[in-house]
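>>> sequence? don't have it. structure:
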């Protein structure tokens, strides 16, 4: 477990009904551009107001945070939805309790020296680098399938993709969104991008069975604080951008966030669209032969969704 970054210190100044003293909750989360509800809740003291002492534990990836959740090191974790598909196929114990935001700007990035990139059909026969077995690989496969074309997929670690397309080792790449800026800056005039439809990254909250069971009051207080912050983000996006920029210690400006958020649908929800995506990803994972398991039934998939705390918070 990584060292603590911050504590939202709970006091007895204002407590949620049913919480006589501050309840502790370990939250796997790192400052990032896609979850402004957390930044706003921290800045305005909503967790403290809800009677919570929230310990923030950062991870280098959502998958690492998810592993910590499964191991009982954190109570709630923020991550993309893809690890949940893997976890459900493997019968691991967790619950999806919220969906904070959806990223709609997934893209293929090309080097102009390799030819035009005007439509998914232009990917035919190209060498395309991505990180095998991840959600960006899933996105690429769906883009190729939708265009009815085939390409040579080359696996590379996330930090190696941008150098590979710059050198011409591959014609195009499908990296994680955090590398989009580096690709554009490094490729310069040779930068091309193709936004293929069909995939949105969902930034979700997963919790341990304990949080949806014996500690459900604590989870309800946590989701209530986030729902309150979610309303603030919708009412004042500029203030939310300032909170995110401050939380990231100026690593991203409010102007850059305004541009980035054109591709981000922010809003705390939990709907059937997420379930359909996880089912599609689970089927794709099985098709890849990465995991040997039975396809997820409707009942098996539904068992991983625990909307009660969010529904109560939004009443």
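That came in fine, so what should we check first? All values derive from a computational prediction rather than experimental measurement.

>>> the domain parsing of the protein - what is it?
Using the TED database, the domain ranges for the chain come out as 23-102+201-314, 107-195.

>>> burial measure for the closest residue to residue 50 other than its chain neighbours, as a count.
Distances taken as CB to CB, 6 or more residues apart in numbering place residue 221 nearest to residue 50, at 4.1 Å, with adjacent residues excluded. The way it works is simple: take the backbone N, C-alpha and C, and place the C-beta from them, glycine included. Burial of residue 221 is recorded as 27 neighbouring residues (other CB atoms under 10 Å).

>>> pipe the domains of the chain into CSV and attach mean pLDDT per row.
Output for the domains of the chain, formatted as CSV (pLDDT from 0 to 100):
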stretch, mean pLDDT
domain 23-102+201-314, 96
domain 107-195, 96
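
>>> which stretch of helix or strand covers the residue nearest to residue 50?
Here residue 221, judged by DSSP states H and E, is contained in helix 216-235.

>>> buried ones in the next helix or strand after that helix, by neighbour count?
Next along the chain after helix 216-235, taking DSSP H and E as the criterion, comes helix 237-247. Neighbour-count burial for helix 237-247, counted by 16 or more other CB atoms under 10 Å, picks out 237, 239-245, 247.

>>> could I get these as TSV with distance to residue 22?
Shown next, in TSV, are those (distance: CB to CB, whole Å):
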residue	distance to residue 22
237	31
239	26
240	26
241	30
242	28
243	23
244	26
245	29
247	22
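
>>> pick the one among those residues closest to residue 151.
Proximity of the buried residues of helix 237-247 to residue 151 (CB to CB) peaks at residue 244, which lies at 35.7 Å.

>>> ok, that closest one - contacts?
31, 33, 36, 39, 252, 257 (CB atoms under 8 Å, 6 or more residues apart in numbering).

>>> so where do the strands sit in the stretch 101-250 of the chain?
In the stretch 101-250 of the chain, the segments counted as strands under DSSP state E, counting those that start in this stretch are 108-111, 127-130, 152-155, 172-174, 191-194, 201-207.

>>> closest one to residue 77 among those?
It is, among these and with distance given as CB to CB, strand 201-207, at 5.4 Å.

>>> contact partners of that closest one?
Residues outside strand 201-207 that contact it (CB under 8 Å, 6+ apart) are 34-35, 66, 69, 75-81, 84, 94-103, 106, 135, 177, 219, 274, 277, 306.

>>> swap in 7 Å and give it another go.
34-35, 66, 69, 75-81, 84, 94-103, 106, 135, 219, 274, 277 (CB atoms under 7 Å, 6 or more residues apart in numbering).

>>> so which of these are in strands?
76-80, 95-103 (DSSP state E).

>>> dump the residues you listed to JSON lines, plus neighbour count and distance to residue 50.
Compiled in JSON lines, the ones in strands among the contacts of strand 201-207 are given as follows (neighbours: other CB atoms under 10 Å; distance: CB to CB, whole Å):
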{"residue": "76", "neighbour count": "25", "distance to residue 50": "13"}
{"residue": "77", "neighbour count": "27", "distance to residue 50": "19"}
{"residue": "78", "neighbour count": "23", "distance to residue 50": "18"}
{"residue": "79", "neighbour count": "22", "distance to residue 50": "22"}
{"residue": "80", "neighbour count": "21", "distance to residue 50": "26"}
{"residue": "95", "neighbour count": "24", "distance to residue 50": "20"}
{"residue": "96", "neighbour count": "24", "distance to residue 50": "21"}
{"residue": "97", "neighbour count": "24", "distance to residue 50": "15"}
{"residue": "98", "neighbour count": "27", "distance to residue 50": "15"}
{"residue": "99", "neighbour count": "21", "distance to residue 50": "20"}
{"residue": "100", "neighbour count": "22", "distance to residue 50": "17"}
{"residue": "101", "neighbour count": "25", "distance to residue 50": "21"}
{"residue": "102", "neighbour count": "21", "distance to residue 50": "25"}
{"residue": "103", "neighbour count": "19", "distance to residue 50": "28"}
